[in-house]
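got a sequence here, can you model it:
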Amino acid sequence: MYPTVADVLALPVIRHGGPRVAAGAEGLDRSVRWVHVAEVADIAHLLKGGELVLTTGIALPDDEVALAGYIEELDAVGASGVVIELVRHWNDVLPPALHKAADRYGIPLVTLSRETRYVTVTETVNGLIVDNQVAELRAAEQVHQAFTALTVAGAEPDKVLREVARSTELPVVLETLSHEVLAYDTAGSDPGELLYRWQTRSKAVRLGERTGYHHGAGWLVTIVGARGRDWGRLVLVSAEPPPHRHVVVAERAASALAVYRLLAREGESLERQAHRAVLAELLRRPAPSAEVLARSAALAVDLTGRRLIGVAIRPSLTTAAFPAPVAAVQPLLRDLAEVTALAARRARVSALVADTGDSEVNALVSLSPGADADAVLRRLARELHQHRSTVPAIVAVGSVVEAAGEAGRTLTEAGHVAGATTAAAGATGIAEGPETYYRLEDVRLRGLLHLLADDDRVTAFAARELSALRARDAVTGSRLVQALRHFCVHGGNKSAAAAAAHTSRTAYYQQLARIEQVLGVPLEDPESMLSLHVALLALDVEEGRAGRNGTEPA
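Down below sits the predicted model:
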């Protein structure tokens, strides 16, 4: 807002007088709040601070002690500097006492070798100051309007931070109070450099006020929160103490972010949004960029030099019970994501957690090279089963991978396992203990069919094998498909299948005879039973996918 002493000395009206910095050069960056002409020695008590004092020196004493006291008093009230015209009192040089005092207090002492019209100097400099103040007020009004619009609109953090970066031309970061980066805008700088070792650097920055500048880090920090509940910090990276306008921008942005969080209380947390963005990049790109790795590390999940395991947590609901509309599923998944994140913290597991689709929550677990993966997964599964919501969930995992570039593969594998296991749960039920989780080797043929679920040939095969039987059930209300399922699951053991179906042997044998009649194949034939069992598994997968998508199976 205010020019410095150096800025004033560069003005033509001052340059005309032949200015020379005689002493106190280290104070040339002092701000000049006003220019004041004073031809008396005891002027200090009339000043408010920030004034550049102009004098001919005609009223100043020659006594060395008095001259030193003159400079000392000006420094004490915060004067920005002294300009003395070498025309009337001193013609060549100033007394050494003035030099020594100015150097001691770091207050600029400037001489003018030619007579200068001080009235022109005051008009020019004070006019410049007023113009700057008016420009600052206009800029502040623009900031007010911009952030008021963002606040009223409930703008998301990315939009708020984009406006901060545009207004200040500085990188800006939104972090939690535990120093995890939720969002950022680099303002054109290198994101890897901005986020490098973010948590370590952020933990070292502590301020005793809600908004302040940390000189060591070069950060302007303001607390984000509302109603006495602080939840984050907004950081502007500035190598020099920022002007007041930037402080205003930071505080208005913090208010907009606090309002957004209040409005979005029923929605997804900012932490989950940040995690989802990184997971989406890992799933999309075979080789993650340096920025993605830096973003993950800034979320306290390091992916470099670590072993990674993809995890999928899916509500284990039957097709009939699973809510068809996606809008009804999303609140359930948001709740499950928060439960999963809580379980990971309680299990002391470093993981990215978010729902990345419309049917499950994904987690990418990061382990040290020497960690026992099975022990960690059991611990995580135990916490999940203990602290999940009322809806039961299946925990599925992918292969252990050794590089971030393979994170997409292990996450995809986990999703396949979850889908296949969910289909099994809906068809026959699954055993689930407090530490249960499922791997690729647990889903076997069902897992293969889940991978091939989009292949029309598999769907056509299941239709050819079972359409007649399904049509009979639809017309007569019989349960022949279910009877066939029990027969196949129990490997052709009729007694065990009848017991599982809660049907007498006689009635169950009659159902099997009717199945053979409708399908025209002998159930005792191993190939027939295998073919029908595969068709039933394919049907389970198809019905599971149709239920999650809110459509009818073919």
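
wait, a helix at residue 39?
No. With DSSP: H, G, I helix; E, B strand; the rest coil as the criterion, residue 39 is assigned coil and is not in a helix.

once you drop chain neighbours, what's closest to it?
For residue 39, ignoring the flanking residues on the chain, the nearest one in space by Cβ to Cβ, 6 or more residues apart in numbering is residue 59 at 4.8 Å. Any C-beta I mention is one placed from the backbone N, CA and C, and that applies to glycine too.

state the distance from the one you found to residue 142.
Relative to residue 142, residue 59 is positioned 46 Å away (Cβ to Cβ, to the nearest Å).

ok, now residue 363?
When residue 363 is compared with residue 142 (using Cβ to Cβ), they lie 43 Å apart.

could you do residue 233 as well?
Where residue 142 is concerned, residue 233 sits at a distance of 25 Å (Cβ to Cβ).

neighbour-wise, which of those two wins?
residue 233 (22 against 12; other Cβ atoms under 10 Å).

A strand includes that one, no?
Yes. Membership of residue 233 in a strand is supported by three-state DSSP.

going forward, the N-terminal residue is numbered 32.
From this message on, residue numbering opens at 32, which makes the last subject residue 264.

quick one: pLDDT of residue 454?
pLDDT for residue 454: 57.

actually residue 557, not the one I typed
For residue 557, the pLDDT comes out at 89.

could you do residue 421 as well?
So residue 421 comes in at 53 (pLDDT).

ok, now residue 319?
pLDDT for residue 319: 89.

in contact with it, which residues?
Contacts of residue 319 were listed using Cβ atoms under 8 Å, 6 or more residues apart in numbering, and they are 312-313, 334, 435-436, 438.

with residue 160 instead?
33-34, 63-65 are the contacts of residue 160 under Cβ under 8 Å, 6+ apart.

which of these tops the neighbour count?
Neighbour max across the contacts of residue 160 (other Cβ under 10 Å) = residue 63, 22 neighbours.

skipping its backbone neighbours, what lies nearest residue 400 in space?
Counting by Cβ to Cβ, 6+ apart, the residue nearest residue 400 is residue 338, at 6.2 Å.

correct me, but that neighbour touches residue 395?
No. Using Cβ atoms under 8 Å, residue 338 is not in contact with residue 395; the gap is 11.1 Å.

number of nearby residues for residue 438?
By other Cβ under 10 Å, 28 other residues sit near residue 438.

now do it against residue 444, distance only.
Distance of residue 438 to residue 444, given as Cβ to Cβ: 11 Å.

list residues touching both of the two?
The contact sets of residue 438 and residue 444 overlap at residue 341 (Cβ under 8 Å, 6+ apart).

and the contacts of residue 319, which are buried?
Buried members of those, counted by 16 or more other Cβ atoms under 10 Å: 312-313, 334, 435, 438.

packing partners of the helix or strand where residue 527 lies?
Assigned by DSSP states H and E, residue 527 belongs to helix 525-531. In terms of contacts (3 or more Cβ pairs under 8 Å, 6 or more residues apart in numbering; DSSP states H and E), helix 525-531 is packed against helix 511-520, helix 536-550.

for these, which one ends up most surrounded?
A comparison of these by mean neighbour count, using mean count of other Cβ atoms under 10 Å, puts helix 511-520 on top with a mean of 20.

pLDDT on the helix holding residue 527, on average?
Rounded mean pLDDT across helix 525-531 is 91.

check stretch 425-434 too.
92.

outline the domain layout of this protein.
As assigned by automatic domain parsing, the chain contains the domains 36-157, 185-294, 303-482, 487-580.

for the first one, measure first residue to last.
Read that as domain 36-157. 13 Å (Cα to Cα, to the nearest Å).

please enumerate the strands of the chain.
Secondary structure of the chain (DSSP state E): strands located at 50-54, 65-68, 82-86, 112-116, 140-143, 203-207, 212-216, 242-245, 250-257, 260-268, 338-346, 381-385, 392-398, 424-432.

for those strands, which one sits closest to residue 507?
Residue 507 lies closest to strand 338-346 among the strands of the chain, at 33.0 Å (Cβ to Cβ).

and the angle from the closest one to strand 381-385?
Relative orientation of strand 338-346 versus strand 381-385 (axes from the mean of the first three to the mean of the last three Cα atoms, to 10 degrees): 40 degrees.

residues contacting residue 390?
345, 360, 364, 450, 579.

how about low-confidence regions in the stretch 482-585 of the chain?
Residue ranges of the stretch 482-585 of the chain with pLDDT under 70: 575-585.

run the last query once more with 50
For the stretch 482-585 of the chain, the stretches with pLDDT under 50 are 579, 581-582.
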